[in-house]
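Colleague: please work out how this folds:
(one chain, ligands or ions: 1)
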Amino acid sequence: MIPGRVIAIDGPSGAGKSSVSRIVGTKLGFLHVDSGALYRIMTWRALAEGVNTADPIAVASFADKVEIECRAVDGRIAYYVNGAEPGDELRTPEVNAHASEVATVKEVRDRITAILRSLVNFGDIIVEGRDITTAVFPDSPARFYLTASAEARAARRRKEEVEKGIANQSEEAVKASLLARDRIDSTRKYAPLKKADGAIEIDSSELTLDEVVETVLAACKF
Ligand code: DC
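Modeller: Residues are numbered from 1 along each chain as shown. Now for the predicted structure:
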C-alpha cells in the first residue's frame, strides 16, 4: 500500500489549528489528525489512575499502559480508549493544566510519534500539533506554523469552553493557563514547539478563518 501524503500544521494553543485543519482536510480529502488529543488522552488517563503527572519517571512507566485504537471516522482519525471515544473530558481545565508536563516526557512523545507516523496507512492526512513540522513529519512538503496574539488565542479558547459548557473562567485565567502551557511546550528538552525552517508562518490574529484556509490551500501543491 502506498502511504498517504501529509500536511503538517504546528502552533500554540488557540491559534486556530483545529478549525483550519478540519476545513482544509474536508476540502482536499485528507483525514484530520488532532495530535494534541493523544497527549490529552495520556494526561486524562494518568490523572484518573492517580499517576503524579509532575513525576517524569512515573509518567514514563505509564506511557505504554494506555490502550489507544485509531479508526478513520467521518473524515478524521478517531481515538478509542477501552472501546469508547473520549469526549470533552479531554478538554477540562484539569487536563489543560497537566497536559504540557505529560508532553515533556520522552517515552510519551516516542509512543505518540510512532502512532502518528503509522496513520499514513489510512491515507492522506492533515496533522496538527506542536512538533509535527519539526519532529514527526519534518519531510512533509506542506508545513505551516500557525500563530496569533495571546489575546486573540485566549478569547477563542474561552469562547469555545463557554459554548461547550466545559468551563466559565475569566479571559485572564484562560490566557494565563495558555501562556503557562506555551512556556512549557516551547522550552522542553524533547521536540519543543518552534517554527521549523521552511515552514510557512501564518499569523491569524487579524485574519478570518476563511482567509487562513485560503492561504493554506494556496500553498498546498497537491
Ligand atoms: O493542542 P492541544 O492543546 O490539544 O495539546 C495538548 C498538549 O499536548 C499541549 O500542552 C502540548 C502537547 N502537544 C505536544 O507536545 N505535541 C503535539 N504534537 C501536540 C500537542
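Colleague: flag the shaky bits of the chain, pLDDT-wise.
Modeller: The model of the chain has no residue with pLDDT under 70.
Colleague: which bits of it sit near the ligand?
Modeller: Neighbours of the ligand within the chain, by CB under 6 Å from any ligand atom: 13, 35-36, 39-40, 99-100, 103, 129-132, 181, 185. Where C-beta positions appear, they are placed from N, C-alpha and C, glycine not excepted.
Colleague: residue contacts, residue 69?
Modeller: Residues in contact with residue 69, defined by CB atoms under 8 Å, 6 or more residues apart in numbering, are 79, 80, 81.
Colleague: spit out the contact partners of the last one.
Modeller: It refers to residue 81. When contacts are counted by CB under 8 Å, 6+ apart, residue 81 touches 41, 45, 66, 67, 68, 69.
Colleague: cool, the first one as well?
Modeller: The neighbours of residue 79, taking CB under 8 Å, 6+ apart as the test, are 37, 38, 41, 68, 69, 70, 85, 86.
Colleague: which element is the residue nearest the centre of the chain on?
Modeller: Taking CA atoms, centre = their mean, the centroid of the chain lies closest to residue 36, which sits 2.9 Å from it. Per DSSP states H and E: residue 36 is located in helix 35-48.
Colleague: for that helix, C-alpha coordinates in CSV please.
Modeller: Taking Å, rounded to 0.1, in the frame of the first residue of the first chain, the C-alpha atoms of helix 35-48 are listed here in CSV:
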residue,chain,number,x,y,z
SER,A,35,-2.2,15.0,17.8
GLY,A,36,-2.9,17.1,20.9
ALA,A,37,-5.8,14.8,21.7
LEU,A,38,-3.3,11.9,22.1
TYR,A,39,-1.3,13.9,24.7
ARG,A,40,-4.6,14.8,26.4
ILE,A,41,-5.6,11.1,26.5
MET,A,42,-2.4,10.2,28.2
THR,A,43,-2.9,13.1,30.7
TRP,A,44,-6.6,12.2,31.3
ARG,A,45,-5.8,8.5,32.0
ALA,A,46,-2.8,9.4,34.2
LEU,A,47,-4.9,11.7,36.3
ALA,A,48,-7.7,9.1,36.5
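Colleague: who touches that helix?
Modeller: The contact list for helix 35-48, computed with CB under 8 Å, 6+ apart, reads 53, 59, 62-63, 65-66, 68, 79, 81, 86, 89-91, 94-95, 98-99, 102-103, 108, 112, 115-116, 127-130, 132, 136.
Colleague: one more time with 7 Å, if that's ok
Modeller: For helix 35-48, contacts defined as CB atoms under 7 Å, 6 or more residues apart in numbering pick out 53, 59, 62-63, 66, 68, 79, 81, 86, 89-90, 94-95, 98-99, 102-103, 108, 112, 115-116, 127-129, 132.
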